[in-house]
Structures are given as C-alpha cells and as structure tokens.
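[1] okay, predicted coordinates and the sequence, questions at the end:
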Amino acid sequence: MDGTAAFIFVPLAIGLRIFADRLDRGRIRDHIAQRGGEVLDIEWNPFGKGCFGSAHERIYEVTYRTHSGRQIKATCKTSLLSGVYWTSDAVPGDIHDPAASQEAIPCPSCGYTIPATRSRCPRCGWSYKDR
C-alpha cells in the first residue's frame, strides 16, 4: 500500500467505524426503550462476552434502568443486519428473568400499560412475541 492509498483508507475506515458506532447506539437505545427502559450508559467492548466467532458484530456493555427503576448492566452484540442480540443474563424484558417478568411496561405502540403477566397489549394487541 503506497502513501496515498493509506492517506485515503485510514480516515475512511475511522469514519465508517464512528458512523457504525452511532447507528449501534441508536439501535440499542431504541431496543431498550421499546421494552420500557432507559439507557444510562453504553460502552464499546471489543473483547466482551461473545467476541469470538462474530466478525461483523460489535459488542457493547449497556447500563440501563428498567420501567420499575431497577438498574441493570448487560452485554449485547449488534450490527446493521443482525439487530440487537443480548449475550448476558440481564436481557431487557426477558420473560424468563423473574425480576423483569414482574414489571409492567408501557406498550411501544399505544402507550397503554402491559401487565407483567401478559405478553400482549390489552388495548391494541401489540406483542413482543410477534417481533
């Protein structure tokens, strides 16, 4: 690689990484907000849980507050094509997490409160299972 190619390639690669990071953070914030949570912090962690075997996904440590106010730190992987995939036990809105399953959340579609015991909005019928 000659000097001119490196002069063009390096800034382009850095710019693409910064752009991807902004998209990733927005995708993670949306994912948590749809489940009634609020993101407090997102940190890129290239060697986080699940880093081996994923060449095109980026890993983030996410600290968020649930709808009921509980603060959780979780690890996720994301890319433009894969969406958000949680690699830790603290998945937002996971019905298998006893603490999370006891929280009512606002419906992302109509805003009505979905009881913790239900997977479908009583008002509009929205369900996370349809996703």
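    Nice, thanks for sending it over.
[2] can we go C-alpha only for contacts and neighbour counts from here?
    OK.
[3] where in the protein is pLDDT low?
    Across the chain, the stretches falling below the confidence threshold (pLDDT under 70) are 1-3, 50-55, 88-103, 129-131.
[4] spatially central residue in the protein, please.
    Compute the mean C-alpha point of the chain, and by Cα atoms, centre = their mean the closest residue is I28, 3.1 Å away.
[5] mind checking which helix or strand the nearest residue to that one once chain neighbours are set aside is in?
    With Cα to Cα, 6 or more residues apart in numbering as the criterion, I28 has its nearest non-adjacent residue at 6.5 Å, and that residue is V84. Secondary structure assigned from DSSP states H and E places V84 in strand 83-86.
[6] list the strands paired with that strand, with their directions.
    Applying DSSP bridges to the sheet, strand 83-86 is found paired with strand 71-79 (antiparallel).
[7] hmm, back to that, my guess is the residue nearest to I28 contacts T75. True?
    No. If you go by Cα atoms under 8 Å, V84 and T75 don't touch, sitting 10.2 Å apart.
[8] more crowded one of these two?
    T75 (23 against 20; other Cα atoms under 10 Å).
[9] bridging residues for that one?
    Beta-bridge partners for T75, by DSSP bridges, are E61.
[10] returning to that earlier point: which residues touch the residue nearest to I28?
    V84 makes contacts with 27-28, 31, 76-78, as judged by Cα atoms under 8 Å, 6 or more residues apart in numbering.
[11] check T87 too.
    Contacts for T87 (Cα under 8 Å, 6+ apart) come out as 49-50, 74-77.
[12] ok, for P106, nearest residue in space, not its chain neighbours?
    For P106, the spatially nearest residue (Cα to Cα, 6+ apart) is T113, at 4.4 Å.
[13] hang on, the one you found packs against I105?
    Yes. Under the criterion of Cα under 8 Å, T113 lies in contact with I105, with a separation of 5.6 Å.
[14] ok, those two, which is more surrounded?
    Neighbour comparison, T113 and I105: the larger count goes to I105, with 23 against 15 (by other Cα under 10 Å).
[15] so that one touches G36, yeah?
    Yes. With contact defined as Cα under 8 Å, I105 and G36 form a contacting pair (5.3 Å).
[16] elements contacting the helix of greatest length in the chain?
    Secondary structure of the chain per DSSP state H: the longest helix is helix 3-33. In terms of contacts (3 or more Cα pairs under 8 Å, 6 or more residues apart in numbering; DSSP states H and E), helix 3-33 is packed against strand 38-44, strand 83-86.
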